[in-house]
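**Student:** Predicted model and sequence below, questions to follow.
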Amino acid sequence: MEQREAPLLDVRDLAVEFHVGGTVQRAVQGVSLSLNRGRTLGVVGESGCGKSVTSLSIMRLVPQPPGKYAGGQILFDGQDLLTLSESEMRKLRGGRIGMIFQEPMTSLNPVYTCGHQIEESLSVHSGLSKKAARERAIEMLDLVGLPSPKSRVDDYPHQLSGGQRQRVMIALALANDPDLLIADEPTTALDVTIQAQILDLMGELRSRTGAAVMLVTHDLGVVAQTCDDVVVMYAGRVVERAPTADLFADPQHPYTVGLMAAVPRIDTAVGRLATIPGTVPPPWSKIAGCRFASRCPLASEQCRTQDPPLRDLSPGHGVACWHAPIEVAA
Amino acid sequence: MSAMLEVRNLTKHFPIRRGVLRRVVGNVQAVNDVSFDVGEGETLAIVGESGCGKSTIGRTLLRLLTPTGGTVALDGTPVMDLSDDDMRQMRRQMQIIFQDPFGSLNPRMTVAETLAEPLLLHGLATRDDVAQKVADLLETCGLQPWHAGRFPHEFSGGQRQRVGIARALATRPRVIVCDEPVSALDVSVQAQIVNLLKDLQAKFGIGYVFISHDLAVVRHMASRVAVVYLGRIVEEAPVEELYATPRHPYTRSLIAAAPRPDPAMRNVRAPVQGDLPSAMNPPSGCAFHPRCPLAQDRCRSERPELRQLGKARVACHFAEAEPVIETAGEHRQSDALRQRLAVLEAAREKEKT
């Protein structure tokens, strides 16, 4: 059922540029996406597609300069985050918006214990007393499945394994019951058995807390296993958007098709992997038309000169391609 | 008949030194008693999680690290006994490709210089024909002749890996150790490099030792797969057999844990619990027992030897028991995906002609 409530997160026509050495790099252009409470949105794409810049923008963590928000709105619960002051933004981060990054070792502070970092966040955002904060920190570490949380709460990040550190990151992100959790490649640095544990944990916590989750990843397997909806990005644009089941059952954009076909499958051996020839255009290149045209076998004159808008082929399933739907022989 | 590359009982322990006197207080048992063969034109994959010792196996068998014990023979020649001079000749036959070629390519040398060096050093080219040989190598690896004058930083990740492959290929080696060669690459580029490696193998009959943590990639590359846990091979089998009937519980959990790109089969199985134990202080008995769903008292006290079971070798006390039937089944590509892919590929063919 289509929910009629206003989305918790509504990104409209976002544009982010980087000004480097006299050139303008358009990292993200015209990106729109929305996310409702209790849903998980996957943002998927290859390196340089703008998925991380999009998630950093929502937290207003794009360094300025060289970065610049060049247009659009980021509505969080109806409020445009791009108009907030830095101190208002700081209240949201770690409070109503939680964040998890790829490498917890670089986002946890190495000179403080794990417990201290969670307690600090609790006292800043929720105004808990020292004692209450410590109890809550232990409770959070227990919730994320860290073994013997009462003693581990006094461990430093380096004393934990990669999977345990990511659990601490999740505890930290969820400590203040955020409405929105942004997870940027949360399992990419982890081994596959640990990844499965962390993904399970995130799913379980999401259903318990009702938070909306934005999961940024390059891994279509992770998307298929965890997300309700997906946005596929390519070279700073959204090229396709659909409910997860629709996207996998009926991929429309030539890039999405190529990407799915290129994923090696663990269940079946196929002879040769399908590839997408060529590479992503660099962000400083000036392309008038579709950014995928140089690698697309269907590219026509229109593709090279006019940028295709994202349009709905069916309710909720949008594609930015002049040739969609691709005609197939019956 | 002996195989092209024979690795026997390869062991590598790193001493742990503590205190002012740097006394040895213990060992990290990175690799323990690892044996395998690689035939001509064959790929043996070594898979395992980070810290399991798979990279150390690759480096030790090339003598980039000095082994604590064990032997390696290439075409019957024992590699570990060679003098430094002879070893230099032997390196022609044994090359390595790294995960991040940027770290292994000299940033001050152009691609042409990087590729020319081994050719001239080993007398495989003369000053007169070296440029042509470099151009041939580039073409073989899917690069353009004008790439020769470029520096490593001017390339994308996929192209850089092609340069890394070209350099390994320059001396026409018999064996290449590929250490996570596609892990740092995007999916679409990863597929290009996997295909390139397979093409080169078919053309030159190279044997690969393919080190990877990614069981899906391994399925497409390998002839046989060795699964490593805490420095030991726990299972080795022909690729089809390993995926169809994994006999070691660790192999099963690795296969089960890989997220399938198919929303219809969200993993229902509970993932294996716990972390990889420390190689400094490995668990008693079977190293996997703290995480193993089948563990019994025997597993805690007695380490299972790797033993032959049909075409496979398995180190589990319960390997003879019927393997648990994997109920997950196959993930399917949707009809729409396959049809559209066919349209795109047909259009691409047409473009070429």
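**Tutor:** Here it is on my side, so go on.
**Student:** count of neighbours near B:V20?
**Tutor:** 5 (other Cβ atoms under 10 Å in any protein chain shown). Heads up, the C-betas are built off the backbone N, CA and C, glycines and all.
**Student:** and it, backbone torsions?
**Tutor:** phi -60, psi -30 (degrees, to the nearest 10).
**Student:** Excluding sequence neighbours, find me the nearest residue to the residue of the stretch 1-150 of chain B found nearest chain A.
**Tutor:** Closest approach between the stretch 1-150 of chain B and chain A, counting by Cβ to the nearest Cβ: B:E49, at 3.9 Å. For B:E49, ignoring the flanking residues on the chain, the nearest one in space by Cβ to Cβ, 6 or more residues apart in numbering or on different chains is A:D191 at 3.9 Å.
**Student:** Next, count neighbours for the one you found.
**Tutor:** 22.
**Student:** Tell me how far it lies from A:H116.
**Tutor:** Per Cβ to Cβ, to the nearest Å, A:D191 is found 28 Å from A:H116.
**Student:** Can you tell me what sits against stretch A:313-330?
**Tutor:** Outside stretch A:313-330, the residues within contact range by Cβ atoms under 8 Å, 6 or more residues apart in numbering or on different chains are A:2, A:229, A:237-243, A:246-247, A:250, A:252-254, A:257, A:290, A:298, A:300, A:302-303, A:306, A:308-312, B:336, B:339-340, B:342-344.
**Student:** Which residues are in contact with residue 250?
**Tutor:** In the absence of a named chain, chain A is used. By Cβ under 8 Å, 6+ apart, A:D250 lies in contact with A:242, A:317, B:334, B:336.
**Student:** Not quite, go with chain B.
**Tutor:** B:Y250 neighbours (Cβ under 8 Å, 6+ apart): B:227, B:229, B:234-235, B:272, B:288, B:291-292.
**Student:** what does the stretch 251-353 of chain B put close to chain A?
**Tutor:** Residues of the stretch 251-353 of chain B that fall close to chain A, judged by Cβ under 8 Å from any Cβ of the partner chain: B:253-264, B:266-267, B:270-273, B:275-276, B:328-331, B:333-334, B:336-337, B:339-345, B:347-348, B:350-351.
**Student:** and the residues you listed, which of them are in helices?
**Tutor:** The helices, defined by DSSP state H, take in B:253-257, B:336-337, B:339-345, B:347-348, B:350-351 from these.
**Student:** Drop anything exposed from those.
**Tutor:** B:253-257, B:336-337, B:339-341, B:343-344, B:347 (16 or more other Cβ atoms under 10 Å in any protein chain shown).
**Student:** With distance to A:G30 as extra columns, can I get these in a markdown table?
**Tutor:** What follows is those, written out as a markdown table (distance: Cβ to Cβ, whole Å):
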| residue | distance to A:G30 |
| --- | --- |
| B:S253 | 43 |
| B:L254 | 41 |
| B:I255 | 41 |
| B:A256 | 40 |
| B:A257 | 37 |
| B:A336 | 26 |
| B:L337 | 26 |
| B:Q339 | 30 |
| B:R340 | 25 |
| B:L341 | 27 |
| B:V343 | 27 |
| B:L344 | 25 |
| B:A347 | 27 |
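**Student:** Skipping adjacent residues, who's closest to B:Q339 in space?
**Tutor:** Closest to B:Q339 by Cβ to Cβ, 6+ apart is A:V328, at 4.1 Å.
**Student:** coming back round to it: between the contacts of B:Y250, which is nearest chain A?
**Tutor:** Using Cβ to the nearest Cβ as the measure, the one of those that approaches chain A most closely is B:V272, at 4.9 Å.
**Student:** what number of residues lie near the closest one?
**Tutor:** B:V272 sits with 21 neighbouring residues when counted by other Cβ under 10 Å.
**Student:** what's residue 201 sitting at in phi/psi?
**Tutor:** With no chain named, the answer covers chain A. Dihedral angles (degrees, to the nearest 10) for A:L201: phi -60, psi -50.
**Student:** that's the wrong chain, I wanted chain B
**Tutor:** Dihedral angles (degrees, to the nearest 10) for B:Q201: phi -60, psi -40.
**Student:** So it is in contact with B:E40, correct?
**Tutor:** No. Assessed by Cβ atoms under 8 Å, B:Q201 is found out of contact with B:E40, at 9.7 Å.
**Student:** ok, residue 239 - contacts?
**Tutor:** In the absence of a named chain, chain A is used. Here A:V239 is in contact with A:232-233, A:253, A:255-256, A:292, A:310, A:319-321 (criterion: Cβ under 8 Å, 6+ apart).
**Student:** wait, I meant chain B there
**Tutor:** Counting by Cβ under 8 Å, 6+ apart, B:V239 has contacts A:269, B:45, B:218-219, B:222-225.
**Student:** and the helix or strand of chain A at the bottom of the mean pLDDT ranking, how far out from the chain's middle?
**Tutor:** In chain A, no helix or strand scores lower on mean pLDDT, DSSP states H and E than helix A:104-107, which sits at a mean of 73. Remark: helix A:104-107 is offset 17 Å from the chain centroid, using Cα atoms, centre = their mean, to the nearest Å.
**Student:** so the residue lying closest to B:I16 once chain neighbours are set aside is in which element?
**Tutor:** Of all residues not flanking B:I16 in the chain, B:G26 sits nearest, at 4.5 Å (Cβ to Cβ, 6+ apart). Applying DSSP states H and E as the criterion places B:G26 in strand B:23-38.
**Student:** Report all helices and strands that that strand contacts.
**Tutor:** strand B:5-18, strand B:43-47, helix B:54-61, strand B:69-74, strand B:207-212, strand B:232-238 (3 or more Cβ pairs under 8 Å, 6 or more residues apart in numbering or on different chains; DSSP states H and E).
**Student:** Need the mean per-residue confidence for the last one.
**Tutor:** In other words, strand B:232-238. Mean pLDDT, computed over strand B:232-238, is 95.
**Student:** Just the ones of the contacts of stretch A:313-330 in helices?
**Tutor:** Going by DSSP H, the helices hold A:246-247, A:254, A:257, A:302-303, B:336, B:339-340, B:342-344 from the contacts of stretch A:313-330.
**Student:** Serialize the residues you listed to TSV and add fields for pLDDT and distance to A:S121.
**Tutor:** Formatted as TSV, those follow (pLDDT from 0 to 100; distance: Cβ to Cβ, whole Å):
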residue	pLDDT	distance to A:S121
A:D246	94	37
A:L247	95	35
A:P254	95	44
A:V257	94	43
A:Q302	93	51
A:C303	93	48
B:A336	88	45
B:Q339	90	50
B:R340	90	46
B:A342	90	52
B:V343	90	51
B:L344	89	48
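**Student:** ok, so of those residues, who is nearest A:M89?
**Tutor:** A:L247 (32.2 Å; Cβ to Cβ).
**Student:** The closest one touches A:H253, doesn't it?
**Tutor:** No. Under the criterion of Cβ under 8 Å, A:L247 makes no contact with A:H253, lying 9.7 Å away.
**Student:** what touches both of those two?
**Tutor:** A:232, A:240.
**Student:** Could you count how many residues lie near the residue of the stretch 1-150 of chain A found nearest chain B?
**Tutor:** Closest contact between the stretch 1-150 of chain A and chain B, by Cβ to the nearest Cβ, is at A:E46 (3.8 Å). A:E46 is flanked by 22 other residues according to other Cβ under 10 Å.
**Student:** Appreciated, that's everything.
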